[in-house]
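[1] after the sequence you'll find the predicted model.
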Amino acid sequence: MNWLIAILQATLFVVLAPLLAGWLKWCKCRLQNRKAPSLLQPYRDLIKLTNKQPVVSKQASWLFVTAPYIIFSATVLAASVVPLIAVDLPTSATADVIVMVGFFAFARFFQALAGLDTGTAFGGMGSSREMTISSLAEPAMLMAIFTLTMTASTTNLSGVIIYLLDHGLVLRPSFGFAVFALILVAVAETGRVPVDNPATHLELTMIHEAMILEYSGRYLAMIEWASQLKLMIYGVLIANIFLPRGIAESFTAKALGYGLLAIMVKLALLAVLLAIAETLFAKMRLFRVQEYLGFAYLLGVLGMLSHIILEASR
Amino acid sequence: MSSSNWTTDLLSQLNNAEFYIVPSLLQNAAGSARSHGDKKGDKTVLWQIENKHWQQFSQYAIEQNLRWVAGWAEQVDTLFIVNACFEKQGVYLLLRTHVNAEKPELPSQAAVYPAANRSERHTQDMFGINFLGHPDNRRWIRHKAWLKNSYPLRKDFPVQGEPETITPPDLDYPFVKAYGAGVYEIPVGPVHAGIIEPGHFRFQAVGELILNLEERLGYVHKGIEKIAEGRTPESLARLAGRVSGDTTVGHCWAACQAMEQAAGIEIPPRAALIRGILAERERVGNHLGDMGAICNDVAFVFAQMQFTRLRELWLRTNATVFGHRLLMDRIVPGGVMCDLSDASCALIKKDIVQLRKELSEIMPAIDLNSSLEDRLYTAGYLPPETAAAFGALGYVGRASGRDFDVRRDAPYAPYDQTTFKVALEEQGDIASRFWVRYKEINAALKLIEQFIAWLAEGEILAGWQTPSAGSESLGIVEGWRGEITAYIRFDAGNKISRFYPRDPSILNWPALEKLVLNNIVPDFPVCNKSLNGSYSGNDL
C-alpha cells in the first residue's frame, strides 16, 4: 500500500509538472499584458514533439540519443525522493536529500556530455556555462540544505518535514537564510530569469537551451519534460520544507486529498512570485551569476551560523 | 560666409600639390541643386581627377576631416567610372576618375579611409577593378553564385545572371585566424534560431571574452544594382523601396529625389510635407520596434511586449491612413501617391497624443530598472574615434557623439523650413543608442505635427519630364538608420543606366566588429540589436 502511494506520488509529480509550467507561463503572459496560451499548452507541446520524427546529426554518438532517457529517469528518481502530498513514504526512506542532489548532478553530467557530443559550437558553449553555474550552485544548495538537516538532525527529507510539523510554527532565523538561498539556487538551477532565459531564441545568450539546441522530436520532449519536472521539484522542496502545513501524515484518502490540494495551492502561489520576479528583472550579465550564487552560498553559511549560534544550544 | 568654403580651400591646396582637378557640376537639368531651398547649387560638387591621384587625394581629404560617404563604379563602353563621395559641413563632394577596362587598376582609398574598405571590395567583386594597396582585398559580396572571372555589373554580363545548377558551398573563405592556448572559434549563422536575416558571424574567443569578430555578409545579395538597369523611373522607385524592407520610405525617397533632380522636377510642397510625414512615421515605427528588441535581448520581456504593441498600433494607423503598414510604394517620382484627408490628419494627431501618453508611462519603468541599467550601460562601447573612422551614421554615430543629421546639415524639402534638435548622446554604449532612439521618436512626433499643421491645399504629384541621356544626380536623405545616398544616371528614353543605393548599414556594420571587442559572447546579441544593421541594404 505504501509503495502504491509512493508510485502514485511520483506519477503525480510527472503528470503535474507541465501544468505548473503552463501556469507559470500564464502568469507571465498576464503580467506582460498579453493573452496567455491555455494552461494545457505544455501538454500539447509535449504531444506534438513526441509525434514528430526526431532529426539526429550524423556526427552524434549513442550518447546523444540515450541522454534524454537518462536525464528524464534521473529526474523522475529525484522527484520520487521529495515528499509531494505525503511524508514517510518508502521512497523517501531509501534515499535522502544528498541522493536527490546526486540525481540532479547525474542528469546534468549527461546533459553536458550530450551538449558536447554533436560538436557544435553552441552545445559546447552551453555545457561549459552550465557546468560553471552548477559548480557554484551545488555548494550553495548543500549549504542551505545542511542548515535544515542540522535542525532536524536528519538528511532525510521526510524526516525533516515530520520534525518541522511536530515542532509547530517556530521562528527560526536560520530558515530565513536557508529558504532565501534555496530560492536563489532554484532560479539558477532551473534556468529562469535572471540567470538564464528559457524563452530566448538568441543562441549566444543561451545556457540550458544551448545544450539542447540540437535536439528535436521525442528527445526534445523528454528533456523539456525533465526541465519542467526539475522546476516542480524545486518548487515542492521550498514549499514543503518551509511551509509544511497540509501535507498528509497518514495515508487516508482525505489526508492525501488535502495534501494534494495544499501543494497545488502552494506551488501556484510560488509560481506567481516567480512570474513577478521574471517580469521585473532583466537577465543579468553572465559574469554576474558568480556574484549571485556567491551570495546564495553566503546566505547558506549565514543560515548555518545562525543555527549554531541561536538555535543549536537549545 | 559660403558653406562651401572648404572646397575652395582644398582645391587651391590640391592645385599647389600639382593635382589635375576638373571641378564641374553633375550633369543634370537642375545643376547640382538639391530639390528645394535657397542654397541652390552649392550642395554637391563634382571633381574629376586623374586615377593615379586617387589615393593621394584621400590623404588630403582625411587631413581636412572629410567624411567618406560612399563609393561606386559604373561602366561606360571601355571605361570604368569610379566615384567616391565625401562630405563636410553638409557639402557633398563627388570625386570621379576613369579607369581603363583593359587593365582596371586603381590605388585604394581604403588604406586611408577604413570606411571605404567593404565598398571597394564590393566594386572589386562586381566590376573586377583591382584596388592596389587595399589593406584587405578578400572577396566580399562574391560568394560562389557566379563564376570566378565574371563580373556581374559589367555590361556584358546578362541580367538573369549565369547561375550554376547547384551553387557550390562557400567553404574556403579565408577568415581571420587566431591561435594560442584557450582560443576557440564560434561560427554563428547564416541561419539563426530566430527569424532574422541571414549573416555569418565568426568569433574568436577566450572563455567568454570576444577577441575578434568577423562578419561575413552577402547572403541576401539580390542583384539590385543589375536589375535596376533599364528600368523606368516608376519601376525604379518600386525597386528602391525594396532595397531594405524596413527602410522602404527612406530608400524610395532618396532614389526619387535623385531622379527628380536629374530630370529637373520640383515636387509640390504638399507632396514634400507628406513625404516628411511618411519618413518620420517610418522612423518612429522602427525605433519603437528596436527599443523593444533591445529589451528583449536582455530578457526584459515586459518592455518588449509594450513596445511591440505600440509599434503594432502605429503600423495599423499607417495601414488605415496610407494603405500600407510599412508605407511601401507611397512615394513615387514627382511626388506621392496618397493624399491626406482632414480625417486622416486628425487620426494621426490623436495617435501621437496617445503614443506620448503611453511612452510617458513606460519610459520611467525602464529608466528606473536597475537590472536593465546593468546590462545596457557601458556594454558595447563604440569610442567616438572609431565611430568617426568608420563614418558611423544615424543613431549609431549620434550615440557616440557624432553630431550629424542630413535633415539639419544638408536640408531638403520639407526639412529646410523647420528646425529641430538632433538627438545626441556621448557615452557610445548600448544605453546611449537606446536613448538616442527615444529622443528621435520625440523629435519625429513633433515634426509630424508641424508638417500636418503646414499642409496646404495643393497638388501631390508633379508631371514627369524625360531627362536627357546621361543625366545624373545624387539623392541624399536621412532614413531612420541614418544618411541614405542614392546615385542615379539616366540613359536615353527615360531608362535608368546606373542605380547605386548606399544604405547606412554599409558604414555601420564594420562598427559592430569593433564595439563588441572586450565584451563577452552572450552580450553580442544585444550589441548587435543596438546597432541593428540591415543585411539586405548591405548586400544589395
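    Thanks, I have the structure now.
[2] tell me which parts of chain A are close to chain B?
    Contact residues (C-beta under 8 Å from any C-beta of the partner chain) of chain A with chain B: A:28, A:31-34, A:121-122, A:125, A:193-194, A:197, A:199-205, A:213, A:278-288. Every C-beta, even on glycine, is put in place using the N, C-alpha and C of the backbone.
[3] next step: those residues restricted to helices.
    Those of the residues of chain A next to chain B mapping onto helices are A:28, A:31, A:121-122, A:125, A:278-280, per DSSP state H.
[4] of these, which is the most crowded?
    Of those, residue A:278 is surrounded by the most neighbours, 26 neighbours in total, counting by other C-beta atoms under 10 Å in any protein chain shown.
[5] give the closest residue to it in space, chain neighbours not counted.
    In space, and not counting its chain neighbours, residue A:278 is closest to residue A:193: 4.3 Å by C-beta to C-beta, 6 or more residues apart in numbering or on different chains.
[6] need the strands for the stretch 151-300 of chain B, in chain order.
    Per DSSP state E, counting those that start in this stretch, the stretch 151-300 of chain B carries strands over the ranges B:183-188, B:200-206, B:209-216.
[7] alpha carbons of the second one, in PDB - could you do that?
    Right, the one you point to is strand B:200-206. Provided in PDB are the C-alpha atoms of strand B:200-206 (Å, rounded to 0.1, in the frame of the first residue of the first chain):
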ATOM      1  CA  HIS B 200      27.500  34.900 -40.700                       C
ATOM      2  CA  PHE B 201      29.500  35.900 -37.600                       C
ATOM      3  CA  ARG B 202      32.800  34.400 -36.800                       C
ATOM      4  CA  PHE B 203      34.000  34.900 -33.200                       C
ATOM      5  CA  GLN B 204      37.400  34.300 -31.700                       C
ATOM      6  CA  ALA B 205      37.000  34.000 -28.000                       C
ATOM      7  CA  VAL B 206      38.900  33.100 -24.900                       C
END
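[8] pLDDT score assigned to residue B:42?
    Here the pLDDT value assigned to residue B:42 is 50.
[9] again but with residue B:35, I slipped
    With respect to pLDDT, residue B:35 has a value of 40.
[10] ok, residue A:133 next?
    Note on residue A:133: pLDDT of 92.
[11] could you list the buried residues of the least confident helix or strand in chain B by mean pLDDT?
    Lowest mean confidence among the helices and strands of chain B (mean pLDDT, DSSP states H and E): strand B:21-24, at a mean of 76. Within strand B:21-24, the residues scored as buried using 16 or more other C-beta atoms under 10 Å in any protein chain shown are residue B:21.
[12] pLDDT below threshold where in chain B?
    Scanning chain B for pLDDT under 70 picks out B:1-4, B:29-42.
[13] can you pull the residues of it lying near chain A?
    So far as C-beta under 8 Å from any C-beta goes, chain B lies against chain A at B:185-188, B:192-194, B:208, B:295, B:297-302, B:305-306, B:309, B:369, B:371-372, B:374-375, B:379, B:520-525.
[14] point out where chain A drops to low pLDDT.
    Low-confidence segments of chain A (pLDDT under 70): A:313-314.
[15] which single residue in the stretch 51-200 of chain A comes nearest to chain B?
    residue A:197 (3.9 Å; C-beta to the nearest C-beta).
[16] close enough to count as contact, that residue and residue A:204?
    No: using C-beta atoms under 8 Å, residue A:197 is not in contact with residue A:204, being 11.9 Å away.
[17] returning to what we had before: so which other helices or strands are in contact with the least confident helix or strand of chain B?
    Strand B:21-24 sits against helix B:5-16, strand B:44-49, with contacts defined as 3 or more C-beta pairs under 8 Å, 6 or more residues apart in numbering or on different chains; DSSP states H and E.
[18] kindly reformat these as JSON lines containing mean neighbour count.
    Putting these into JSON lines (neighbours: other C-beta atoms under 10 Å in any protein chain shown) gives the following:
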{"stretch": "helix B:5-16", "mean neighbour count": "14"}
{"stretch": "strand B:44-49", "mean neighbour count": "19"}
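[19] these: which one's closest to residue A:71?
    strand B:44-49 (65.2 Å; C-beta to C-beta).
[20] got the angle between the closest one and helix B:5-16?
    Going by axes from the mean of the first three to the mean of the last three C-alpha atoms, to 10 degrees, strand B:44-49 is angled at 10 degrees with respect to helix B:5-16.
[21] can you show me the CA trace of strand B:44-49 as CSV?
    The C-alpha coordinates for strand B:44-49 follow below in CSV (Å, rounded to 0.1, in the frame of the first residue of the first chain):
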residue,chain,number,x,y,z
THR,B,44,27.2,68.7,-54.3
VAL,B,45,30.4,69.5,-56.2
LEU,B,46,31.9,67.2,-58.7
TRP,B,47,35.7,66.9,-59.1
GLN,B,48,37.3,64.8,-61.7
ILE,B,49,40.8,63.7,-61.0
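[22] C-terminal to that strand, what's the next element?
    Counting by DSSP states H and E, the element after strand B:44-49 in chain order, helix or strand, is helix B:54-63.
[23] so how far is that following helix from its chain's centroid?
    Taking C-alpha atoms, centre = their mean, to the nearest Å, the mean C-alpha location of helix B:54-63 is offset from the chain mean by 23 Å.
[24] what's the next secondary structure element after that helix?
    Under the assignment DSSP H and E, the closest C-terminal helix or strand after helix B:54-63 is strand B:67-76.
[25] rewinding a little: how about the ones in helices among the residues of chain A next to chain B, which pair is most distant?
    The largest distance within those, taken as C-beta to C-beta, falls between A:31 and A:121 and amounts to 34.4 Å.
[26] show me where the stretch 51-200 of chain A has helices.
    Under the criterion DSSP state H, counting those that start in this stretch, helices of the stretch 51-200 of chain A are mapped to A:62-81, A:90-94, A:97-117, A:121-152, A:157-166, A:173-189.
[27] Throw those into CSV and include distance to residue B:455, thanks.
    Shown next, in CSV, are those (distance: least, C-beta to C-beta, whole Å):
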stretch, distance to residue B:455
helix A:62-81, 63
helix A:90-94, 77
helix A:97-117, 60
helix A:121-152, 53
helix A:157-166, 73
helix A:173-189, 55
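[28] could I get the contacting residues of residue 185?
    Picked chain A for this. By C-beta atoms under 8 Å, 6 or more residues apart in numbering or on different chains, the contact set of residue A:185 is A:137, A:140-141, A:144, A:293, A:296.
[29] you answered for a different chain; I wanted chain B.
    Contacts for residue B:185 (C-beta under 8 Å, 6+ apart) come out as A:121, B:178, B:202-205.
[30] and the residues you listed, which are buried?
    Buried among these by 16+ other C-beta under 10 Å: A:121, B:202-205.
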